[in-house]
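Participant: model the structure of this input:
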Amino acid sequence: QVQLVESGGGLAQPGGSLRLSCAASGSIFGINDMGWYRQAPGKQRELVARITSGGITNFADSVKGRFTISRDNAKNTMYLQMNSLKPEDTAVYYCNADVRPSFFRYSYTNYWGQGTQVTVSS
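Facilitator: Sure thing, here's the model as predicted:
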């Protein structure tokens, strides 16, 4: 089994910063794409940012220039640096990853974390 555990959420003021982490553990041979998604109350879950194993990134238009995504492949960990936070960034943020569980399985399985709450308010 694979677990994705997010951390770093909390309360921030508008204009402030937070850094989210996502640590993957368990039966992991390799991780392909990883990403952050968010879901605000009453809204659908949406992509925030994704990063490939080679470091290629893409971002939602709403966070471009404010958020940075990175990963440490040796630690199976992904980060989301969120700057210039706005009240509309308030949501539960979820980690997502495509994981190859073992050398003997060539396919990747998609996993989700439990989410971490980010609240931006004065």
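Participant: part of a helix, is G54?
Facilitator: No: if the criterion is DSSP: H, G, I helix; E, B strand; the rest coil, then G54 is coil and not within a helix.
Participant: and it, how many neighbours?
Facilitator: For G54, the number of neighbouring residues by other Cβ atoms under 10 Å comes to 8. All C-beta atoms are positioned from the backbone trio N, CA, C, and that covers glycine.
Participant: repeat that for the one 4 residues further on.
Facilitator: For N58, the number of neighbouring residues by other Cβ under 10 Å comes to 13.
Participant: what pLDDT does it get?
Facilitator: On pLDDT, N58 comes in at 97.
Participant: partner residues bridging it?
Facilitator: Going by DSSP bridges, N58 is paired in beta bridges with R50.
Participant: what distance do you get for the spatially most central residue of the chain to C22?
Facilitator: The residue lying closest to the centre of the chain (Cα atoms, centre = their mean) is W36, at 2.8 Å. As judged by Cβ to Cβ, to the nearest Å, W36 and C22 stand 8 Å apart.
Participant: intersection of neighbour lists for these two?
Facilitator: 78, 80, 95 (Cβ atoms under 8 Å, 6 or more residues apart in numbering).
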